[in-house]
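Participant: task: produce atomic coordinates for the following.
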Amino acid sequence: MRPRLLTLLAAGLALVVGGASAQPDPPRAGQTPAQARPFEPDFEADALMKRIDDLLWYQKLGDIADIDKDQYTGEPNPHVKNKKAPGALNPIILRCYTFIPKKLDRSRKQPLIVFVHQGVHASLDTTIDAHLIRELVERGYTVVATDYRGSTGYGRALYEEIDYGGLEVDDVYKGLQWMLGRYRFLDPSRVGIVGWSHGGLITLMNIFAHPKAYAAAYAGVPVSDLVARMGYESEGYRQLYSAPYHLGETVQDDIEEYRKRSPVTHAAELATPLLLHTNTNDEDVNYLEVEHLIQAFKAEGKRFEYKVYKDAPGGHYFNRLDTPLAEESRAEIYQFLGRYLHPDGPTR
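Facilitator: So this is what the prediction gives:
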């Protein structure tokens with residue numbers, strides 16, 4: 001195992017140093033990452049970096065969690081051109097990560113957190129997500145995190161299966177069902193779901209579609225209004241959605257399709273305890289999107305909790321950093337979840 005680890009790490013380092021990383025060019029001054037020029041993904045480099053990152057989970061959480069990576073199936077791609085081709089209507093294969101506290105008492109029913117990674121084309125990532133999942137595990141939560149359709153690290157096929165605000169929502173819900181079926185110590189009445197940014201959108205769409213499946217939800221700086229978002233984002237960003245393998249239409253050509261995939265359109269469906277956080281200086285998900293969502297919930301007479309941070313340092317990542325403010329904000333999240341999920345560990 002050790003030689004293989006060293007080989008993978010060396011290969012990944014060579015890719016980064018040699019400029020073959022799958023990451024896009026850094027944004028110019030004043031640009032957000034989403035406004036940088038479009039790039040053609042390097043699927044081979046993505047796959048290698050994913051395998052390296054998978055090993056890092058054991059380094060970062062292996063002391064407190066039993067970690068595994070499993071597979072289950074999701075709905076077939078509805079946009080496949082030749083439905084008569086062999087395997088064209090087969091369910092797609094999805095990967096999920098599971099983290100179970102080593103000290104968890106499996107003789108009693110325990111809560112579960114569904115963790116939804118961020119990004120239009122991204123995946124669960126130790127750089128962004130490891131400290132968040134570690135904090136959840138330390139509080140006694142079992143965690144499942146799916147690399148839903150459109151995620152990176154699995155080649156072009158899964159990348160082009162993307163269905164933003166559509167079947168990717170179902171992929172995450174199926175991960176919850178798979179988890180409850182596999183681990184009998186999990187309590188189906190004590191399931192929470194959390195996500196930031198695009199993961200926040202999937203979180204919201206899950207509780208709208210399956211309100212009885214979740215006891216509580218947290219959405220941080222969530223994408224909330226795709227119609228508004230297409231108006232202030234760059235052409236390169238909009239092309240991610242109008243790509244032939246994705247929605248295939250611009251917002252101007254099919255505004256109703258973009259509305260259907262926006263949480264703000266579904267505000268009347270809220271029936272799950274929800275906490276929202278947003279930041280007025282968010283450089284990625286503009287505050288106006290979450291403001292629209294908050295206003296929509298209020299117009300529908302919905303009960304929910306939210307907090308608007310005023311120009312919090314860190315912008316889009318303000319409460320995912322290692323700062324006193326971020327830790328204080330996350331303490332609010334864990335306290336909120338604890339009221340509904342009752343983990344064995346601390347609730348702050």
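Participant: and the strands in the stretch 51-200 of the chain?
Facilitator: Secondary structure of the stretch 51-200 of the chain (DSSP state E, counting those that start in this stretch): strands at 65-74, 92-101, 110-116, 142-147, 186-196.
Participant: between the ones you listed, which gets nearest to residue 284?
Facilitator: Closest approach to residue 284 among these is made by strand 186-196 (10.2 Å; Cβ to Cβ). Glycine gets a C-beta too; all of them are placed from N, C-alpha and C.
Participant: show me what that closest one is packed up against.
Facilitator: With contacts defined as 3 or more Cβ pairs under 8 Å, 6 or more residues apart in numbering; DSSP states H and E, strand 186-196 has these neighbours: strand 110-116, helix 167-182, helix 198-209, strand 216-220, helix 324-341.
Participant: again, 10 Å this time
Facilitator: Using 3 or more Cβ pairs under 10 Å, 6 or more residues apart in numbering; DSSP states H and E, the elements in contact with strand 186-196 are strand 110-116, helix 126-138, strand 142-147, helix 167-182, helix 198-209, strand 216-220, strand 274-279, helix 324-341.
Participant: got the contact list for the residue nearest the centre of the chain?
Facilitator: Averaging the C-alpha coordinates of the chain gives a centre point, and the residue nearest to it by Cα atoms, centre = their mean is residue 117 (2.3 Å). Counting by Cβ atoms under 10 Å, 6 or more residues apart in numbering, residue 117 touches 97, 123-125, 128-129, 145-148, 151, 172, 195-199, 202.
Participant: please redo it, this time with the cut-off set to 8 Å
Facilitator: 123-125, 128-129, 145, 147, 151, 195, 199 (Cβ atoms under 8 Å, 6 or more residues apart in numbering).
Participant: check what pLDDT the residue at the greatest distance from the centre of the chain gets.
Facilitator: Residue farthest from the centre of the chain, counting by Cα atoms, centre = their mean, is residue 84 at 32.8 Å. According to the prediction, residue 84 has pLDDT 86.
Participant: likewise residue 21?
Facilitator: pLDDT for residue 21: 36.
Participant: cool, and the one 10 residues further on?
Facilitator: Confidence per residue is given as pLDDT, and for residue 31 that number is 43.
Participant: how far away is residue 258 from residue 69?
Facilitator: Residue 258 sits 33 Å away from residue 69, going by Cβ to Cβ, to the nearest Å.
Participant: if you count surrounding residues, which of the two has more?
Facilitator: Higher neighbour count among residue 258 and residue 69: residue 258, with 24 against 13, using other Cβ atoms under 10 Å.
Participant: in contact with that one, which residues?
Facilitator: Residues near residue 258 by Cβ under 8 Å, 6+ apart: 226-227, 230, 241, 247, 251.
Participant: I'd say residue 54 and residue 69 touch.
Facilitator: Yes. Between residue 54 and residue 69 there is a contact under Cβ atoms under 8 Å: 6.4 Å.
Participant: so what's residue 74 up against?
Facilitator: Residue 74 makes contact with 91-94, 148-149, 167, 170-171, 174 under the criterion Cβ under 8 Å, 6+ apart.
Participant: return the members of these classed as buried.
Facilitator: The neighbour-count test (16 or more other Cβ atoms under 10 Å) marks 92, 94, 148-149, 167, 170-171, 174 as buried among these.
Participant: apart from its chain neighbours, what residue comes closest to residue 138?
Facilitator: Closest residue in space to residue 138, ignoring its immediate chain neighbours: residue 345 at 6.0 Å, by Cβ to Cβ, 6 or more residues apart in numbering.
Participant: is it correct that that neighbour is in contact with residue 134?
Facilitator: No. Contact between residue 345 and residue 134 fails when scored by Cβ under 8 Å: they sit 11.9 Å apart.
Participant: now the chain, which segments are flagged as low pLDDT?
Facilitator: Residues of the chain that meet the criterion pLDDT under 70 lie in 1-39.
Participant: what is the burial count for residue 40?
Facilitator: Neighbour count for residue 40, taken as other Cβ under 10 Å: 7.
Participant: same deal with residue 80?
Facilitator: Residue 80 has 15 nearby residues by other Cβ under 10 Å.
Participant: need the contact list for the nearest residue to it once chain neighbours are set aside.
Facilitator: Leaving out its chain neighbours, the residue that sits closest to residue 80 by Cβ to Cβ, 6+ apart is residue 88, at 4.9 Å. By Cβ under 8 Å, 6+ apart, the contact set of residue 88 is 76, 80, 82.
Participant: all set, thanks.
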